[in-house]
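Peer 1: Whatever this is, show me its structure:
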Amino acid sequence: MNVAPQNPQTLHTPRAPQNQPGPLKVVVIGAGGMGRAWIATVLRSADAQLVGVVDVIDGAAARAVDDVVPEAQRPEIVTGTDTVVVAQRAGADAVIDVTIPAAHHAVTADALHAGFPVLGEKPCAATLAEAVSLAGHAETTGKLFMVSQSRRNNPHLHETRRLADSLGGAGIIDTRFYKAPRFGGFRDEMEHPLIVDMAIHAFDAGRVLLDGNPVSVTATSYNPTWSWYAGDAAATVAITYDTGAVHTFSGSWCAPGRETSWNGDWSLSCAGGSVQWDGETPPTAQPEGGDDVVGRDPAATELWELDSSLAQFCAALRTGSAPDSHVHANVWTQAIVEAAVRSADTGRRVTLAEVLDEALATGRELDVTDGRSQALASWKTGISGLTIA
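Peer 2: Down below sits the predicted model:
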């Protein structure tokens, strides 16, 4: 069934669990390639039920349903171009925002203010200021906004953390990422394709492996002479944490020959030894003076990436708990990216406090124009505001 477009209306960690016994009814917003991947993810989930699909292009949502959803299930799925209207008509419990980054702020804010919790694709928003603003909208409405930083949902990554903890915890992390994809399209024209579009995953994974919060970033970016990218397709980034730990990332998106996995190659140094992970297979710990310890294989029932994100989102809504990637936590990852780009452009060390305070100031301006959220007015600093979740 289709719904004609209307003007849409437009919440932080969940305040109360949703106790309905069946699967959570969700609407997927965005019917492109990633939107279709999310549609398929919802269809195979035991925790969620697809009740609607939205796309700003008239007819695109219905085409995605015809292409991805089994025929017997199609008649009960509402489609249209307006998120709030479709979600309301479909009786949705929540929405999944898979729109382009430039649309994330408006779509997510509208859904939150209409009373719908949101699971959003990374990045949280197109800019750090918009991401901070959305944290405020989540606070104002009291609805959960979780960001699907899906590559952190890798059982091997969490096994790497477990092994590192058994050796006293990681204090130094080195990530190497070398691939040579020829995407074509927007990535070829970006100023910082590697840092912005790919390294964000490594930065977020580093936050899984390390305690504490990032403090500062020093980055250098460059473009090899043989690069087919217009912007800097290679970079070296050092991230310091308030615990004293350091995460160094080096990589290139124009590195033909011996490539790493898409997750990169990881080396962790701990007080009692080291851990190695190739990004694809179980990690291995090398205790000081002891034999190697191979990490555990994931159980067949463990969920990965999108499936895990959806399960965490549904669990948070049912229990009222805060998932690891709720908006206030995820903004830190986007702030690392912002600081890395600024450091690469200016040649200086950039603090997270600097970029978050600037984002807070701009986010407040956005909220004044929008008129629906005043939560950011109570934030003393960007960092202090992110710690209240």
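Peer 1: Could you check how far residue 222 is from residue 192?
Peer 2: Note on residue 222: its distance to residue 192, by Cβ to Cβ, to the nearest Å, is 11 Å. No exception for glycine: its C-beta is placed from N, CA and C like everyone else's.
Peer 1: So those two - more neighbours on which side?
Peer 2: Comparing residue 222 with residue 192 by other Cβ atoms under 10 Å, the one with more neighbours is residue 192, at 20 against 12.
Peer 1: ok, back up a step: quickly list what's touching both of residue 222 and residue 192.
Peer 2: Here residue 222 and residue 192 share the contacting residues 232, 235, scored by Cβ atoms under 8 Å, 6 or more residues apart in numbering.
Peer 1: Helices of the stretch 251-389 of the chain, start to end?
Peer 2: Using DSSP state H, counting those that start in this stretch, the helices of the stretch 251-389 of the chain run over 305-319, 327-346, 352-370, 382-386.
Peer 1: List the neighbours of stretch 126-135 that are in contact with it.
Peer 2: With Cβ under 8 Å, 6+ apart, stretch 126-135 has contacts from 12, 101-102, 104-105, 108-109, 112, 123-125, 145, 327-328, 330-331, 334-335, 338, 355-356, 358-360, 362-363, 366-367, 370, 373, 375-376, 382, 385-386, 389.
Peer 1: number of nearby residues for residue 127?
Peer 2: Residues near residue 127, counting by other Cβ under 10 Å: 20.
Peer 1: Can you list phi and psi of it for me?
Peer 2: In terms of degrees, to the nearest 10, the main-chain angles of residue 127 are phi -130, psi 160.
Peer 1: returning to that earlier point: pull out the buried residues from the contacts of stretch 126-135.
Peer 2: 12, 101, 104-105, 108-109, 112, 123-125, 145, 327-328, 330-331, 334-335, 338, 355-356, 358-360, 362-363, 366-367, 370, 373, 375-376, 382, 385-386 (16 or more other Cβ atoms under 10 Å).
Peer 1: Can you tell me what sits against the helix or strand where residue 52 lies?
Peer 2: Per DSSP states H and E: residue 52 is located in strand 48-54. Strand 48-54 is contacted from outside by 22-31, 35, 39, 42-43, 61-62, 64-65, 69, 73, 76-83, 86-87, 89-92, 310, 314, using Cβ under 8 Å, 6+ apart.
Peer 1: 7 Å - rerun?
Peer 2: Residues outside strand 48-54 that contact it (Cβ atoms under 7 Å, 6 or more residues apart in numbering): 23-29, 31, 39, 42-43, 61, 64-65, 69, 77-83, 86-87, 90-92, 310, 314.
Peer 1: In its sheet, which strands sit next to it, and in what direction?
Peer 2: strand 24-29 (parallel), strand 78-80 (parallel) (DSSP bridges).
Peer 1: which residues in the stretch 51-200 of the chain form strands?
Peer 2: Applying DSSP state E, counting those that start in this stretch to the stretch 51-200 of the chain gives strands spanning 78-80, 94-97, 118-121, 145-148, 170-178.
Peer 1: So which of those is nearest residue 348?
Peer 2: Among these, strand 170-178 comes nearest to residue 348, with 22.4 Å by Cβ to Cβ.
Peer 1: After that closest one, which helix or strand is next?
Peer 2: Downstream of strand 170-178, the first helix or strand assigned by DSSP H and E is helix 193.
Peer 1: List of residues touching that next one?
Peer 2: Counting by Cβ under 7 Å, 6+ apart, 187, 229, 231, 233, 253 sit against helix 193.
Peer 1: Tell me the one among the residues you listed nearest to residue 173.
Peer 2: For the contacts of helix 193, the nearest to residue 173 is residue 253 (20.6 Å; Cβ to Cβ).
Peer 1: The closest one contacts residue 179, doesn't it?
Peer 2: Yes. Counting by Cβ atoms under 7 Å, residue 253 touches residue 179, with 6.0 Å between them.
Peer 1: of the two, who's got more company?
Peer 2: Neighbour totals were compared for residue 253 and residue 179, and residue 253 leads with 27 against 17 (other Cβ under 10 Å).
Peer 1: nearest spatial neighbour of that one, skipping sequence neighbours?
Peer 2: Nearest non-adjacent residue to residue 253, counting by Cβ to Cβ, 6 or more residues apart in numbering: residue 233, 4.4 Å away.
Peer 1: what about that neighbour, distance to residue 195?
Peer 2: Applying Cβ to Cβ to residue 233 and residue 195 gives a distance of 10 Å.
Peer 1: how about the helices of the stretch 101-250 of the chain, start to end?
Peer 2: 101-113, 128-141, 155-166, 193, 200-209.
Peer 1: Can you lay out these as a markdown table showing mean pLDDT and distance to residue 293?
Peer 2: Formatted as a markdown table, these follow (pLDDT from 0 to 100; distance: least, Cβ to Cβ, whole Å):
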| stretch | mean pLDDT | distance to residue 293 |
| --- | --- | --- |
| helix 101-113 | 97 | 40 |
| helix 128-141 | 97 | 39 |
| helix 155-166 | 98 | 7 |
| helix 193 | 94 | 37 |
| helix 200-209 | 97 | 17 |
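Peer 1: Relative to residue 248, which of those is closest?
Peer 2: helix 200-209 (9.3 Å).
Peer 1: Check which helices and strands the closest one sits against.
Peer 2: helix 155-166, strand 170-178, helix 327-346 (3 or more Cβ pairs under 7 Å, 6 or more residues apart in numbering; DSSP states H and E).
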